[in-house]
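Q: no FASTA, just this:
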């Protein structure tokens, strides 16, 4: 029986273990009707495991789950069980079929009989889209819709299946501000209709904008449930980390800025251009400097660093490394010049999921050495153990498959891969996206430490405050061209926004 009067879901004493790890330690969670409830915690806190237990992906070791409308506890052995009970999940990676129409995606797997009444299906789909104010037509091919609209269609599909509990797992990580606003509007409409929504995200601003309550997990255990108005952001971060957090802006620590004897830039590019549509741009970075590209989503930030690394086809411009002209036409050329690049999409371009943590760490160095001269197992373990310790990578062992690690720890493994090559110039594209606050601070501190030791670092983040904390120079982009460069007192949020909105290139 449900304990709270307006609860739609209660989980009591949920336990789940894996070899060598207790992922959930007696966790309680309650979701009420017409409530948006944030599930917060660092990577590895147990959020994903709790969601997977609720949706039948994992079976729980102990505990009980109660749902409104059921006198006794419910048994959830598969995602189909969860769906039948009115529990629907919309994941960060959209799991719809882009080659089908919007209507087909809404009703896929739900039509009865051999013959489909296409006219009725289109009519029903348009009714659902209209009722949720989703800007799409039933007959449109899904691939022609924006990512945000695809997310909404996934939600529409879930809601139409009479869901009582809607789980949104990092739904905003690929959306821009306007798209996030549309998604939040839809979430508020569903809340008004009595749907209980579990919102998993790493964006604190979004939690405080749209949520009613927050449940915090840490190291697999429940820290507490809080009404949003009663938990200031600093306290939330403190509860997630398990320690009082100093002012986040104070990450400089004891790092002494690097003093270069030679003022020749580590890397400089003139009128560099690739086939990715960016305008020709000039660029330089000095030893011990942290600079960054900033601008709105789609402004060309990633395309610039991909051109520098040779990840996109370079079609013009010259590049000098330590004053000498070099040819960088492909990533291996850049790697041989001491340049390392942590890509924006770690799942697609970074990790190799079926390989172990050890194998992922040594990969770049092995490429440089050549696959016909493999490192011995002893050398591989020595490298892996050094960087697991250095970056505090949470893994059962060096032989654990990387795909079983949390997102933040996967990111640290990719970082370890590049640090092992001892680069002169390190490019980090969205190194903290989708990872917890504690790991973000760790990575920011590491960047400043590397710079203090003489490494040149380019740091890109969608979070402007993070850029301001780590970078001493920002290159501002708009519409795939450089429109300004900011240093010193100009490194403010206001100046960045006015440069993006303003006109001609400064300085």
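A: In hand now; what should we look at? Everything numeric in this text was worked out from a predicted model, so none of it was measured.

Q: which residues sit against the one helix or strand residue 207 maps to?
A: Counting by DSSP states H and E, the element that carries residue 207 is helix 204-210. Outside of helix 204-210, the residues within contact range by Cβ atoms under 8 Å, 6 or more residues apart in numbering are 36, 38, 40, 172, 180, 184, 187-188, 199, 201, 214, 228, 233, 236-237, 437. C-betas here are computed from N, CA, C, even on glycine.

Q: contacting residues for residue 163?
A: Residues in contact with residue 163 (Cβ under 8 Å, 6+ apart) are 86, 87, 88, 195.

Q: pull the most distant pair out of these.
A: 87 and 195 (11.3 Å; Cβ to Cβ).

Q: who's more crowded, those two?
A: Taking neighbours as other Cβ atoms under 10 Å, residue 87 and residue 195 compare with residue 87 leading, 28 against 23.

Q: what do residue 87 and residue 195 both touch?
A: 163, 164, 165.

Q: nearest to residue 52, of those residues?
A: The nearest member of the shared contacts of residue 87 and residue 195 to residue 52, counting by Cβ to Cβ, is residue 165 at 14.2 Å.

Q: quickly list what that closest one is bridged to.
A: residue 87, residue 196 (DSSP bridges).

Q: ok, residue 86 to residue 497 distance?
A: Distance check for residue 86 against residue 497: by Cβ to Cβ, to the nearest Å, it reads 43 Å.

Q: same check, this time on residue 184
A: Counting by Cβ to Cβ, the gap from residue 184 to residue 497 is 21 Å.

Q: cool, and residue 60?
A: Residue 60 is 47 Å from residue 497, where distance means Cβ to Cβ.

Q: those two: which has the busier surroundings?
A: The residue with more neighbours, out of residue 60 and residue 497, is residue 60; 22 against 14, by other Cβ under 10 Å.

Q: quick one: the more buried one and residue 53 touch, right?
A: Yes. Contact criterion Cβ atoms under 8 Å: residue 60 and residue 53 qualify, at 4.8 Å.

Q: shared neighbours of these two, anything?
A: 14, 16, 24.

Q: you'd agree the last one is up against residue 46?
A: Yes. Taking contacts as Cβ under 8 Å, residue 24 lies within contact range of residue 46: 5.1 Å.

Q: between those two, which contacts overlap?
A: Taking Cβ under 8 Å, 6+ apart as the contact rule, residue 24 and residue 46 both touch residue 220.

Q: which residues are in contact with residue 472?
A: 289, 290, 291, 487, 491.

Q: burial count for residue 390?
A: 13.

Q: let me see the ranges of the strands in the stretch 351-500 of the chain.
A: Ranges of strands in the stretch 351-500 of the chain, per DSSP state E, counting those that start in this stretch, are 425-429, 456-460, 473-478, 481-487.

Q: let's have these in TSV, adding distance to residue 313 and mean neighbour count.
A: Formatted as TSV, the strands of the stretch 351-500 of the chain follow (distance: least, Cβ to Cβ, whole Å; neighbours: other Cβ atoms under 10 Å):
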stretch	distance to residue 313	mean neighbour count
strand 425-429	18	26
strand 456-460	20	26
strand 473-478	20	22
strand 481-487	19	19
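
Q: reformat the ones you listed as JSON lines; add distance to residue 222.
A: Below are the strands of the stretch 351-500 of the chain laid out as JSON lines (distance: least, Cβ to Cβ, whole Å):
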{"stretch": "strand 425-429", "distance to residue 222": "34"}
{"stretch": "strand 456-460", "distance to residue 222": "35"}
{"stretch": "strand 473-478", "distance to residue 222": "40"}
{"stretch": "strand 481-487", "distance to residue 222": "43"}
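
Q: turn these into CSV, including mean pLDDT.
A: Compiled in CSV, the strands of the stretch 351-500 of the chain are given as follows (pLDDT from 0 to 100):
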stretch, mean pLDDT
strand 425-429, 94
strand 456-460, 95
strand 473-478, 91
strand 481-487, 92
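
Q: looking at those strands, which is closest to residue 82?
A: strand 425-429 (35.5 Å).

Q: okay, the angle between the closest one and strand 456-460?
A: Between strand 425-429 and strand 456-460, the angle comes out at 10 degrees (axes from the mean of the first three to the mean of the last three Cα atoms, to 10 degrees).

Q: mind giving me the packing neighbours of strand 425-429?
A: Contact here means 3 or more Cβ pairs under 8 Å, 6 or more residues apart in numbering; DSSP states H and E; on that basis strand 425-429 packs against helix 301-309, strand 339-342, helix 407-419, helix 437-452, strand 456-460.

Q: closest to residue 152 out of those?
A: helix 407-419 (23.8 Å).

Q: tell me the mean pLDDT over the closest one?
A: The average pLDDT within helix 407-419 is 87.

Q: what sits up against it?
A: Contacts of helix 407-419 (Cβ under 8 Å, 6+ apart): 42-44, 340-342, 346, 350-351, 357, 360-365, 384, 387-388, 390-395, 402-403, 405, 426, 428, 431-432, 434-436, 439, 443, 446, 450.

Q: got the contact list for residue 75?
A: Taking Cβ under 8 Å, 6+ apart as the contact definition, residue 75 lies against residue 81.
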